[in-house]
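# Output the structure for:
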Amino acid sequence: MQNGFSVASVHADPGQDARRRWHRYEIDMRVKVRVLIDGTAQMWQAQAHDINEGGMALMVPFNLAIGSFADLEFTLPYSRIKMLVKASVRNKSGFRYGFEFLTISPAQRDELNRVFGVLSLHQNAG
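Numbers count the residues shown, from 1 in each chain. Model prediction:
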């Protein structure tokens with residue numbers, strides 16, 4: 001764990017990365033999750049499990065339906081830029097949710113890719 005973040009590459013199945021659009025990085029960071037429930041804004045602190053250019057897996061202490069929309073707010077390790085992205089719940093297993101990023105700007109995508117480069121260097125060195 002470095003700077004409060006734990007980082008590793010995710011390879012549960014050797015062929016899994018070949019079937020995915022983007023390589024996933026295991027990550028341990030806090031994420032604010034905001035959703036509208038019955039017209040009322042709700043917010044929770046979630047724990048990120050892994051991330052890639054298209055989305056992230058989070059442990060959220062609340063029951064969300066697949067297809068739900070949320071605002072995710074987080075700061076990546078090795079970055080000072082606060083990210084705020086709209087996302088959709090694509091899958092879930094218990095309280096582990098797979099969120100797909102819906103509104104990510106080119107600048108945010110560039111920052112994600114910059115951080116992924118740093119994470120790759122740290123993984124290869126470790």
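# which ones are touching Met59?
Contacts of Met59 were listed using Cβ atoms under 8 Å, 6 or more residues apart in numbering, and they are Ala46, Gln47, His49, Phe95, Arg96, Tyr97. No exception for glycine: its C-beta is placed from N, CA and C like everyone else's.
# Touching whichever strand or helix holds Val85 from outside, list them.
For Val85, the enclosing helix or strand under DSSP states H and E is strand 82-93. Residues external to strand 82-93 that are found in contact with it (Cβ under 8 Å, 6+ apart): 55-56, 64-76, 97-104, 108, 111.
# Mind checking which of the residues you listed are in helices?
Mapping those onto helices (DSSP state H) picks out Gln108, Glu111.
# Show the backbone phi and psi for Asn113.
phi -70, psi -40 (degrees, to the nearest 10).
# Quick check: closest non-adjacent residue to Glu100.
Nearest residue to Glu100, sequence neighbours excluded (Cβ to Cβ, 6 or more residues apart in numbering): Gly55, at 4.3 Å.
# So that neighbour is in contact with Phe99, correct?
Yes. With the criterion set as Cβ atoms under 8 Å, Gly55 and Phe99 qualify as a contacting pair; they are 5.0 Å apart.
# Those two: which has the busier surroundings?
For Gly55 versus Phe99, neighbours defined as other Cβ atoms under 10 Å are more numerous around Phe99 (29 against 23).
# which ones are touching the residue positioned nearest the centre of the chain?
Within the chain, the residue whose C-alpha comes closest to the C-alpha centroid is Met56; the distance, by Cα atoms, centre = their mean, is 2.7 Å. Residues touching Met56, when contacts are defined by Cβ under 8 Å, 6+ apart, comprise Ile27, Val31, Ala48, His49, Asp50, Leu72, Ala87, Gly98, Phe99, Phe101.
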